[in-house]
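Peer 1: task: produce atomic coordinates for the following.
(chains A and B)
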Amino acid sequence: SQKIEQNSEALNIQEGKTATLTCNYTNYSPAYLQWYRQDPGRGPVFLLLIRENEKEKRKERLKVTFDTTLKQSLFHITASQPADSATYLCALDWDGGYNKLIFGAGTRLAVHP
Amino acid sequence: DAGVIQSPRHEVTEMGQEVTLRCKPISGHNSLFWYRQTMMRGLELLIYFNNNVPIDDSGMPEDRFSAKMPNASFSTLKIQPSEPRDSAVYFCASSLVPSQPGEQFFGPGTRLTVL
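Peer 2: Take a look at the predicted model:
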């Protein structure tokens, strides 16, 4: 069956540095991959989508890469700020016709002043 | 738009009781998803609907769980009878298909505690 792995350990970084989160998957070839942010006590919020034929996508301080050969996506936050502290979830499409997604467990990011 | 609305936000009940969770998707969206989130299992998809029709309920853990979508603006997830292991945060999300970029919009969740 398909499997999605994200860094299980929390990521602690200093303010101003670049945070890099990893999402690996097996036994599947998604048409696209999405990243969501989740704050404590709230629902996930969509950040970025990258398609299988795209190598890289950017939005403000966020950058996502997608390597279908390695079956890996990297999520970068440049010039990180304490307000970026949250859990970040990657999600693969499972049934594009209905926008069904399979989510990874998430990586908790803590940005320290 | 108010976004996806879920009620109640918190529910505490005793084992064996019936629990009903409610969801109002974003107006105009035609796909609706129910998820359960726990520390151990993460965010799990339970069931999803398209145009009010259940498409895949393979994630529903047991017959104790049921979901309905009587119209485009309302869905319920029912647990009967509830058990302590059902304690989790339940999210509802909606989406518009086919669309770009295919994102899902989540509600604030219902935190369920079964004693």
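Peer 1: for the rest of this, base every contact and every neighbour count on C-alpha atoms.
Peer 2: Will do.
Peer 1: what distance do you get for residue B:114 to residue A:86?
Peer 2: Remark: distance between residue B:114 and residue A:86 (CA to CA, to the nearest Å) = 27 Å.
Peer 1: residue B:27 now?
Peer 2: 28 Å.
Peer 1: residue numbers of chain B in contact with chain A?
Peer 2: B:31, B:41-45, B:48, B:50, B:91, B:95, B:97-98, B:101-109 (CA under 8 Å from any CA of the partner chain).
Peer 1: only the buried subset of those residues, as a ChimeraX command please.
Peer 2: Burial among the residues of chain B next to chain A is assessed by 16 or more other CA atoms under 10 Å in any protein chain shown; the matching ChimeraX selection reads:
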select /B:31,43,44,45,48,50,91,95,97,102,103,104,105,106,107,108,109
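Peer 1: got a pLDDT number for residue B:99?
Peer 2: pLDDT recorded at residue B:99 is 71.
Peer 1: check residue B:102 too.
Peer 2: pLDDT for residue B:102: 77.
Peer 1: please apply the same query to residue A:28.
Peer 2: Residue A:28 is given a pLDDT of 81.
Peer 1: what about it, which SS state?
Peer 2: When classified by DSSP: H, G, I helix; E, B strand; the rest coil, residue A:28 comes out as coil.
Peer 1: that one: how many residues sit nearby?
Peer 2: Around residue A:28 there are 15 other residues, counting by other CA atoms under 10 Å in any protein chain shown.
Peer 1: same check, this time on residue B:60
Peer 2: By other CA under 10 Å, 18 other residues sit near residue B:60.
Peer 1: quick one, what contacts the nearest residue to it once chain neighbours are set aside?
Peer 2: Once flanking residues are discounted, residue B:60 sits nearest to residue B:46: 4.7 Å by CA to CA, 6 or more residues apart in numbering or on different chains. Neighbour list for residue B:46: B:33-36, B:57-61 [criterion: CA atoms under 8 Å, 6 or more residues apart in numbering or on different chains].
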